[in-house]
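Novice: need a structure here:
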Amino acid sequence: MTVATFLKNHFSLLLVLALIIIILIVSWSYIAVVIFAASLAVVGIPLYRKLHRKLPAPFSSFIVTTLISAIIAAIFMVIVLVLVSDSGTLSEMINSIVAFIGHLFGFPIGVDAGGSIVSTILNVLAPALPEFVVSAASVGVYVCIGCILFYALLYLFLIFGEKICADLWSIIPEQSRPNVGLMAGRTKDILFSLYIVNFIMALITFGLAVPFFLLLGYGHVIFYSVLCGLFALIPVLGPLMIIIFVALYALSIGDWFGLILTMTMGYFLTCILTDFFLRPKLTARRVKIRPMLMFIGFFGGAAVMGLLGFVLGPVLLVLGIAAYEIFFKEMRQVKKEIDTAGDAHPAASANPPVSVNKQVSEKSNPAETAPSDTVK
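Specialist: Alright, predicted model coming up:
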């Protein structure tokens with residue numbers, strides 16, 4: 001079939017492709033919301049199936065969507081409440097750190113260094129305050145639209161996700177289905193591991209941080225531990241930020257024991273043990289790949305795609321490994337077919353020039369082939 005014939009018979013496919021491209025261009029600013037909703041729908045579908053056995057599809061999807069949205073909202077609310085409840089402690093620590101840095105570099109910084117710096121920044125930004133308010137309002141509108149879109153997309157993905165997968169599966173050629181199924185299964189496993197493991201790691205980090213901050217003796221143990229647990233949702237960078245902050249505070253007040261304890265025990269418990277051992281190990285157990293590859297997926301994706309890379313990075317890495325396996329599997333099959341085709345005609349490949357030369361020599365000198373007693 002020529003290209004012209006294909007375009008003539010399937011012109012509607014070109015229209016659909018053009019429409020998809022237009023939709024992607026128009027909605028590109030919310031593509032992260034779409035990816036986030038689709039990935040969470042993959043994780044929530046097992047629970048949706050269990051509910052759908054006893055409840056209608058819309059109600060089952062509503063329950064799962066509301067539950068997932070409530071968990072995400074609760075995480076953000078806990079972060080805000082923790083920061084607000086101990087804002088005085090944070091202010092005291094910031095003042096101590098800023099005063100220490102100012103003294104170290106010879107800057108004239110008073111006791112209320114943090115408040116002075118905030119006042120100075122506000123005075124500098126005062127002329128641009130109207131523009132800042134407008135920008136903040138636009139960001140607020142963007143966030144609200146994103147939340148509504150996320151809820152609606154997650155709700156629809158749960159209901160129609162399996163149908164979409166079935167439709168895609170129906171157009172895949174029969175011989176390609178095993179390979180496509182392999183990639184789809186790997187993607188589902190890595191998404192499940194990413195979300196479930198992240199939540200488990202937050203709880204583990206919180207549990208490990210409690211005894212450390214009790215031993216440190218700075219008080220506000222729940223405050224610091226909750227911060228470590230919440231920031232553990234951002235692998236490596238989250239707990240590391242808390243450890244650096246506490247270490248700077250210990251250095252600013254001259255607590256050398258606290259500094260050493262933070263840089264050794266604190267760093268090991270909340271960063272090394274969790275992010276460099278437990279997290280990749282738990283994730284790799286489900287998808288059956290090496291923990292170091294998962295580590296590369298986490299932080300390579302974050303370096304290239306930002307926070308969205310924490311989700312897409314491991315997914316693309318797993319798909320790349322699956323593509324590697326599929327490529328060499330197919331190439332070995334191609335090699336087998338070539339070898340089989342070569343073995344099908346052994347007579348044709350058994351030195352035909354020698355046979356021809358032998359026939360020519362027999363015709364040209366028949367005496368050479370005669371038995372010796374005949375020659376005699």
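Novice: tell me which element the residue nearest to residue 229 when sequence neighbours are not counted falls in.
Specialist: The spatially closest residue to residue 229, leaving aside those adjacent along the chain, is residue 206, at 3.2 Å (CB to CB, 6 or more residues apart in numbering). No exception for glycine: its C-beta is placed from N, CA and C like everyone else's. Counting by DSSP states H and E, the element that carries residue 206 is helix 177-216.
Novice: what's the spacing between that helix and its chain's center?
Specialist: Relative to the centre of its chain, helix 177-216 is centred 11 Å away, using CA atoms, centre = their mean, to the nearest Å.
Novice: kindly report the same for stretch 219-234.
Specialist: With CA atoms, centre = their mean, you get 23 Å for stretch 219-234.
Novice: and that stretch, average pLDDT?
Specialist: For stretch 219-234, mean pLDDT is 81.
Novice: could you do stretch 85-104 as well?
Specialist: Averaged over stretch 85-104, pLDDT sits at 75.
Novice: stretch 39-46 too?
Specialist: 89.
Novice: can you list the buried residues in it?
Specialist: Of all the residues in stretch 39-46, those buried under the rule 16 or more other CB atoms under 10 Å are 39-45.
Novice: can you name every helix or strand that whichever helix or strand residue 81 is part of contacts?
Specialist: Assigned by DSSP H and E, residue 81 belongs to helix 57-85. Helix 57-85 makes packing contacts with helix 31-52, helix 129-170, helix 221-231 when contacts are defined by 3 or more CB pairs under 8 Å, 6 or more residues apart in numbering; DSSP states H and E.
Novice: switch to 10 Å and redo it
Specialist: Packing partners of helix 57-85 (3 or more CB pairs under 10 Å, 6 or more residues apart in numbering; DSSP states H and E): helix 31-52, helix 87-105, helix 129-170, helix 177-216, helix 221-231.
Novice: and those, which is most packed in?
Specialist: helix 221-231 (a mean of 22; mean count of other CB atoms under 10 Å).
Novice: and the very next helix or strand once past that one with helix 87-105, angle?
Specialist: Downstream of helix 221-231, the first helix or strand assigned by DSSP H and E is helix 237-252. If you take axes from the mean of the first three to the mean of the last three CA atoms, to 10 degrees, helix 237-252 sits at 60 degrees to helix 87-105.
Novice: following element in sequence after helix 237-252, please.
Specialist: Next along from helix 237-252, by DSSP H and E: helix 256-261.
Novice: what residues does that following helix touch?
Specialist: 212, 215-218, 246-253, 255, 266-267 (CB atoms under 10 Å, 6 or more residues apart in numbering).
Novice: with stretch 75-91 instead?
Specialist: 70, 92-93, 112, 114-115, 118, 199, 202, 218-220, 222-227, 229-231, 233, 245.
Novice: ditto for stretch 60-68
Specialist: Counting by CB under 10 Å, 6+ apart, 37, 40-41, 43-56, 150-161, 195 sit against stretch 60-68.
Novice: quick one: low-confidence parts of the stretch 251-376 of the chain?
Specialist: 284-292, 307, 344-376 (pLDDT under 70).
Novice: one more pass at 80, please.
Specialist: 275-276, 279-300, 302-311, 342-376 (pLDDT under 80).
Novice: can you check the stretch 51-200 of the chain too?
Specialist: Scanning the stretch 51-200 of the chain for pLDDT under 80 picks out the ranges 79-80, 82-142, 193-194, 198.
Novice: and the residue nearest to the spatial centre of the chain, what does it touch?
Specialist: Centroid-nearest residue in the chain, with CA atoms, centre = their mean: residue 311, separated by 2.2 Å. Residue 311 sits next to 32, 35-36, 39-40, 190-191, 194-195, 198, 298, 301-302, 305 when contact means CB under 10 Å, 6+ apart.
Novice: which one of the residues you listed sits closest to residue 15?
Specialist: residue 35 (25.3 Å; CB to CB).
Novice: surely that closest one is in contact with residue 309?
Specialist: No. The pair residue 35 and residue 309 does not pass the contact test of CB atoms under 10 Å, sitting 11.0 Å apart.
Novice: find residues that contact each of these two.
Specialist: residue 315.
Novice: let me have the contacts of residue 311 in a markdown table, extended by distance to residue 330.
Specialist: As requested, the contacts of residue 311 are exported to a markdown table (distance: CB to CB, whole Å):
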| residue | distance to residue 330 |
| --- | --- |
| 32 | 33 |
| 35 | 29 |
| 36 | 33 |
| 39 | 28 |
| 40 | 33 |
| 190 | 23 |
| 191 | 26 |
| 194 | 29 |
| 195 | 32 |
| 198 | 35 |
| 298 | 29 |
| 301 | 27 |
| 302 | 32 |
| 305 | 29 |
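Novice: now, which of the residues you listed sits nearest residue 13?
Specialist: Nearest member of these to residue 13, counting by CB to CB, is residue 35, at 24.8 Å.
Novice: list the buried residues of stretch 261-269.
Specialist: Neighbour-count burial for stretch 261-269 [16+ other CB under 10 Å]: 261-263, 266-267, 269.
Novice: which two among these are spaced furthest apart?
Specialist: 263 and 269 (11.8 Å).
Novice: overlap of the contact sets of these two?
Specialist: In contact with both residue 263 and residue 269: residue 243, using CB under 10 Å, 6+ apart.
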